[in-house]
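Colleague: Quick one, what's the 3D model for this:
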Amino acid sequence: AGSEKPVIVRFVTEGGPNEHKLMPGDQIMKINGEDVLRSPREHVIELIRSCKQTVTLLVCQPHTNNTTRKSALLTAAKKAKLKNNPNRVRFSEGVVINGS
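Modeller: The predicted structure is shown next:
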């Protein structure tokens, strides 16, 4: 739905400047101090695109159960692989942990 108010972040580009800062489902409330809660989606997009160097967003991240929140960056296959093959860490003898 392109007429949603407030405007909702639909996806975050992997490797982009907002990765790990914005999440799908975040509600955009202000852009560079301008209230956009009731602004049309097209206006919000135009404001963001018109920013030459930096953009300051105020967003609301709705309270969700993180176990059901879907990542826009990991495919289901990648999640399954990580779940079945957890990362293992090996330390060399020269590594000092907590001053030991």
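Colleague: so where do the helices sit in the protein?
Modeller: Counting by DSSP state H, the chain has helices at residues 41-50, 76-84.
Colleague: Can you tell me which of those is nearest to K30?
Modeller: Closest of the helices of the chain to K30 is helix 41-50, at 9.9 Å (criterion: CB to CB). (C-beta placed from N, C-alpha, C; glycine too.)
Colleague: which secondary structure elements does that closest one contact?
Modeller: strand 27-31 (3 or more CB pairs under 8 Å, 6 or more residues apart in numbering; DSSP states H and E).
Colleague: Okay, buried residues for the strand it packs on please.
Modeller: Using 16 or more other CB atoms under 10 Å as the test for burial, strand 27-31 gives 27-28, 31.
Colleague: could you give the angle of that strand to helix 41-50?
Modeller: 50 degrees (axes from the mean of the first three to the mean of the last three CA atoms, to 10 degrees).
Colleague: Walk me through which strands strand 27-31 pairs with, and which way each runs.
Modeller: strand 7-8 (antiparallel), strand 34-35 (antiparallel), strand 57-60 (antiparallel) (DSSP bridges).
Colleague: Give me the residues contacting that strand.
Modeller: Strand 27-31 has contacts (CB atoms under 8 Å, 6 or more residues apart in numbering) with 6-9, 35-37, 44, 47-48, 51, 55-62.
Colleague: again, 10 Å this time
Modeller: With CB atoms under 10 Å, 6 or more residues apart in numbering as the test, strand 27-31 has contacts from 4-9, 22, 35-37, 39, 41, 43-48, 50-51, 55-62.
Colleague: From those residues, list the buried ones, please.
Modeller: Buried among the contacts of strand 27-31 by 16+ other CB under 10 Å: 6-9, 22, 36, 39, 41, 44, 47, 57, 59.
Colleague: of those residues, closest to L82?
Modeller: The nearest one, if we look at the buried ones among the contacts of strand 27-31 relative to L82 and count by CB to CB, is L22, at 21.8 Å.
Colleague: what's across from the nearest residue to V44 once chain neighbours are set aside in the sheet?
Modeller: Taking CB to CB, 6 or more residues apart in numbering, and ignoring the residues beside it in sequence, V44 has V7 as its nearest neighbour in space, at 4.5 Å. Beta-bridge partners for V7, by DSSP bridges, are I28.
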